[in-house]
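Novice: the following comprises the amino acid sequence and a computationally predicted model.
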Amino acid sequence: MKRSAWRIGWSLPVVALAIAPSAAFAAGAEGGLPQLDVTTFPTQIFWLIVSFTVLYIFMSKIVVPRIADVLEERQDRIADDLETAERFKGEAEGVKAEYEQTLADSREKAQALFRETHEMIVKEHAAAEAEAARKTAVTTKEAETRIAKEKDGALENLRAVASDAATAAMTKLTGISVDDTAVGKAVDAAMTQRGA
Amino acid sequence: MATSPIEQFKIKELVPFEPAGVDLSFTNSSAFMMIAVGLVVVFLTYSMRGRQLVPSRWQSMAELSYEFIANMVRSNVGSEGRPYFPLIFSLFMFVLFGNLLGMVPYSYTFTSQIVVTFALAIAVFIGVTILGLVKHGLSFFKLFFPAGVPIYLAPILVPIEIVSYFVRPVSLSVRLFANMMAGHTMMKVFGGFVAALGILGVAPLAMLVALTGFEIMVACLQAYVFTILTCLYLNDAIHLH
């Protein structure tokens, strides 16, 4: 579609170039191509100079400075806005950093408090345990002392009873009364021997 | 013969003006030059009257044409081209409006006049040559012998470069003039066919519609070509090769 349009476009000048000269010759009686009529040259050049000078003066004095102004102003404005945006962004980042700092600080503080409390509790616990252990030890010792004392007492009684029994048996069996001291010795020896 | 395809290019005297025996009458061609200048000025000042930060549609168009040419000058000539920007912008708008104005029915296309395009081209040519001579002095003539070329090529290269240099105003003016004349002649011829063929004239009429679009494109394109070549010549004069 596009290509055919181009082909038409290119073929047209060929057609025109074939036709134009004949048309020009047809008008030849009136002086050929109007563009080649030298008598019109001075006026065309003169008015071209006049109009183009007017245009150039307008352009260089009014139009170009004005458009350049507007474009520059826009450029400045955009640069300015970008700068402001950059500054605000920097500020926002500062605030964010500050916030994060605060957050980190609080977290650290909370952890310190937790650790402290934990330590305190552990210490108190340990103290209470030590106290309890000490009390238990004392009680145990007292009990042990008492048991030992009672055991000694019991052994003493046992010795007296054994001596009496030994003396009574001797007297009854042999009719010999024996010395208490000798009996006591024999009982001691027997008790020691049995591991009492 | 009122339907002659070249009838439209005739210069018609509107206000006679003949100082010292030279015919400087105000003609249809002069009138359309003035109209083009008026339209350019009105377009570029009226659209910018608000100086809005966020441009209106008309203001965007004015800014767009300004930046189009500003970029063209910047990329082709560089920062040294700045002082010539108003001139090149004027040239572009003048030729563009001249071409486009010619597309309005019953109007006159002053850019289809070889004398007008040649006057513009020769002014560019002379201006650029003087600028080059003032800026570079005699070393301006290095333009005709590019650096790095073997010396024994000089007898061939220098004449070619000189001829191509002096042909510039001719090619610049003839390109614009021939494009405008051919397009308008063609449209007139097809217009004649439409009238002559009666009901069958639908075919050339369709052609005429396509041609109108094509000619509007050519009008813009030729204004662009004229301007960008001016920039290139200016660049040659400022930077040599």
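Specialist: Looks like it came in fine. Numbers count the residues shown, from 1 in each chain, chains lettered A, B, ... in the order given.

Novice: next, the buried residues of stretch B:96-105.
Specialist: B:96-103 (16 or more other C-beta atoms under 10 Å in any protein chain shown). Where you see a C-beta, it was placed from the backbone N, CA and C, and this is true even at glycine.

Novice: for that stretch, measure first residue to last.
Specialist: Terminal residues of stretch B:96-105 lie 17 Å apart, using C-alpha to C-alpha, to the nearest Å.

Novice: helices and strands of chain A: which one bottoms out on pLDDT?
Specialist: helix A:2-26 (a mean of 48; mean pLDDT, DSSP states H and E).

Novice: against which helices or strands is the helix or strand that contains A:Asp76 packed?
Specialist: Per DSSP states H and E: A:Asp76 is located in helix A:64-174. The elements that helix A:64-174 packs onto, with contact taken as 3 or more C-beta pairs under 8 Å, 6 or more residues apart in numbering or on different chains; DSSP states H and E, are helix A:180-194, helix B:57-76, helix B:85-101.

Novice: what residue is smack in the middle of chain B?
Specialist: In chain B, the residue lying closest to the centroid (C-alpha atoms, centre = their mean) is B:Val95, at 4.1 Å.

Novice: circling back: what is the next helix or strand after the least confident helix or strand of chain A packed up against?
Specialist: Once helix A:2-26 ends, the next helix or strand along the chain (criterion: DSSP H and E) is helix A:41-58. If contacts are counted by 3+ C-beta pairs under 8 Å, 6+ apart, helix A:41-58 sits against strand B:26-27, helix B:28-46, helix B:85-101, helix B:114-136.

Novice: mind putting these into a markdown table with mean pLDDT?
Specialist: Shown next, in a markdown table, are these (pLDDT from 0 to 100):
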| stretch | mean pLDDT |
| --- | --- |
| strand B:26-27 | 86 |
| helix B:28-46 | 91 |
| helix B:85-101 | 94 |
| helix B:114-136 | 92 |
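
Novice: pick the most buried one from those.
Specialist: helix B:85-101 (a mean of 23; mean count of other C-beta atoms under 10 Å in any protein chain shown).

Novice: what's the angle between it and helix B:28-46?
Specialist: 120 degrees (axes from the mean of the first three to the mean of the last three C-alpha atoms, to 10 degrees).

Novice: quick one: distance of helix B:85-101 to the chain centre.
Specialist: On the basis of C-alpha atoms, centre = their mean, to the nearest Å, helix B:85-101 sits 7 Å off its chain's mean C-alpha point.

Novice: what does stretch B:164-173 give?
Specialist: 14 Å.

Novice: kindly report the same for stretch B:218-229.
Specialist: 6 Å.

Novice: contacts for that stretch?
Specialist: The contact list for stretch B:218-229 (C-beta atoms under 8 Å, 6 or more residues apart in numbering or on different chains) reads B:69, B:72, B:76, B:88, B:91-92, B:95-96, B:99-100, B:102-103, B:111, B:120, B:168, B:172, B:175-176, B:179-180, B:183.

Novice: let me see the contact set for the residue lying farthest from the centre of chain A.
Specialist: Each residue of chain A has a distance to the centre, and by C-alpha atoms, centre = their mean the biggest one is for A:Gly175: 105.6 Å. By C-beta under 8 Å, 6+ apart, no residues touch A:Gly175.

Novice: quick check: phi and psi at it.
Specialist: Here is the backbone geometry of A:Gly175 (degrees, to the nearest 10): phi 80, psi 10.

Novice: wait, A:Thr39 touches B:Leu24, no?
Specialist: No. Contact between A:Thr39 and B:Leu24 fails when scored by C-beta atoms under 8 Å: they sit 11.5 Å apart.

Novice: more neighbours: which of these two?
Specialist: For A:Thr39 versus B:Leu24, the count of surrounding residues by other C-beta atoms under 10 Å in any protein chain shown is larger for B:Leu24: 18 against 9.

Novice: any figure for the gap between the more buried one and A:Asp37?
Specialist: The gap separating B:Leu24 from A:Asp37 is 15 Å, by C-beta to C-beta, to the nearest Å.

Novice: the contacts of stretch B:218-229 also near chain A: which ones?
Specialist: B:120, B:183 (C-beta under 8 Å from any C-beta of the partner chain).

Novice: residue ranges in chain A under the pLDDT threshold?
Specialist: The model of chain A has pLDDT under 70 over residues A:1-31, A:195-196.

Novice: in stretch A:161-177, which residues are buried?
Specialist: Going by 16+ other C-beta under 10 Å, stretch A:161-177 has these buried residues: A:162-163, A:166-167, A:170.

Novice: tell me which of the residues you listed is nearest to B:Lys142?
Specialist: Set against B:Lys142, the nearest of those by C-beta to C-beta is A:Ala162 (150.1 Å).

Novice: my guess is the closest one meets A:Ala186, correct?
Specialist: No. Using C-beta under 8 Å, A:Ala162 is not in contact with A:Ala186, being 9.3 Å away.

Novice: residues in contact with the residue nearest to B:Phe43 when sequence neighbours are not counted?
Specialist: Spatial nearest neighbour of B:Phe43, chain neighbours left out: B:Ala62 (6.6 Å); criterion: C-beta to C-beta, 6 or more residues apart in numbering or on different chains. Contacts for B:Ala62 were tallied using C-beta under 8 Å, 6+ apart; they are A:67, B:43-44, B:47-48.
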